[in-house]
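[1] Test case, fold it:
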Amino acid sequence: MGPQHLSVEVAEALRGCDYVIAAAKSDDDPLLAVRRAVAAAHGVEVVAVPDPARDRSPKDYPAAVAAWHEARVAAYEDVLRAQGGTAAFLVWGDPSLYDSTLRAVEQLAERLPIEYDVLPGISAPQLLAARHRMVLHPVGQPVQVTTARRLREDVAAGHTNLCVMLTGTLDLEGLEDWSIWWGANLGHASEELASGRVRDVRPAVLAARERARAAAGWVMDVYLLRAPA
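    Here you go, the predicted model:
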């Protein structure tokens, strides 16, 4: 989640790499700057790959994402063919949760004679729980890990304890009596936290969200929502 959260295993592996491949969403992409800082701390250069354009309001979301991923894979393939050697991808958070990196690497392995390993790090839900000094679920109960896009559907299906990722916008209308534990830019100097009943803390969360965006140039937040008992 931040440079300080690299495990010993990851740090050793990174020092053994020739370069890091990283998507660049713009010329001054602040998340690319974070990856450069991590790589530089271990003596590794970053090869920035312009991120393909993506349809943000598609009629067919899965198809749009699949097309975007295919374009990314093609761009990464060009770099690997040109550079050779040992490359690394730095995943923000956890590649097992709502991240396309592993799918991209699997496709690369079908096109190129490569071998790869996945080294775990700290996930956003894990760090959120640590920051709020809490367990993500009540005793003996489940937690539903979902996205903001699916939140309404999951609430309607009866889920009462949800960890929400890929937020985009913060839509909490109708959930005013629920409790929220929220965090933005976890592990970064711009980190923000808030917790309480939605009706009480929503203005503070929105303000903190904008502070995080202003400080870092980006905002990625995650939160736990729990229905009243």
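
[2] Please make it C-alpha for all contacts and neighbour counts, starting now.
    Will do.

[3] list the buried ones in the one helix or strand residue 35 maps to?
    Residue 35 is part of helix 30-41, with elements assigned from DSSP states H and E. Along helix 30-41, these residues count as buried under the neighbour rule (16 or more other Cα atoms under 10 Å): 31, 32, 34, 35, 36, 37, 38, 39.

[4] is it possible to export the residues you listed to TSV including distance to residue 119 and pLDDT?
    Formatted as TSV, those follow (distance: Cα to Cα, whole Å; pLDDT from 0 to 100):
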residue	distance to residue 119	pLDDT
31	20	84
32	20	88
34	19	87
35	16	89
36	19	91
37	19	89
38	15	90
39	16	93
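
[5] my read: residue 10 touches residue 122, true?
    No: applying Cα atoms under 8 Å as the test, residue 10 and residue 122 come out as separate, 11.2 Å apart.

[6] Overlap in contacts, those two.
    Counting by Cα atoms under 8 Å, 6 or more residues apart in numbering, residue 10 and residue 122 have no common neighbour.

[7] From the buried residues of helix 30-41, pick the one nearest residue 195.
    Using Cα to Cα, residue 31 comes nearest to residue 195 of the buried residues of helix 30-41, at 25.9 Å.

[8] phi, psi of residue 194?
    When read as degrees, to the nearest 10, the backbone of residue 194 gives phi -160, psi 150.

[9] Might one say that it is in contact with residue 206?
    No: when contacts are counted by Cα under 8 Å, residue 194 is not listed as touching residue 206 (10.0 Å).

[10] These two: which is more packed in?
    The residue with more neighbours, out of residue 194 and residue 206, is residue 194; 18 against 13, by other Cα atoms under 10 Å.

[11] what pLDDT does the more buried one get?
    With respect to pLDDT, residue 194 scores 97.

[12] Could I get the contacting residues of it?
    By Cα under 8 Å, 6+ apart, the residues touching residue 194 are 181, 182, 183, 201, 204, 205.
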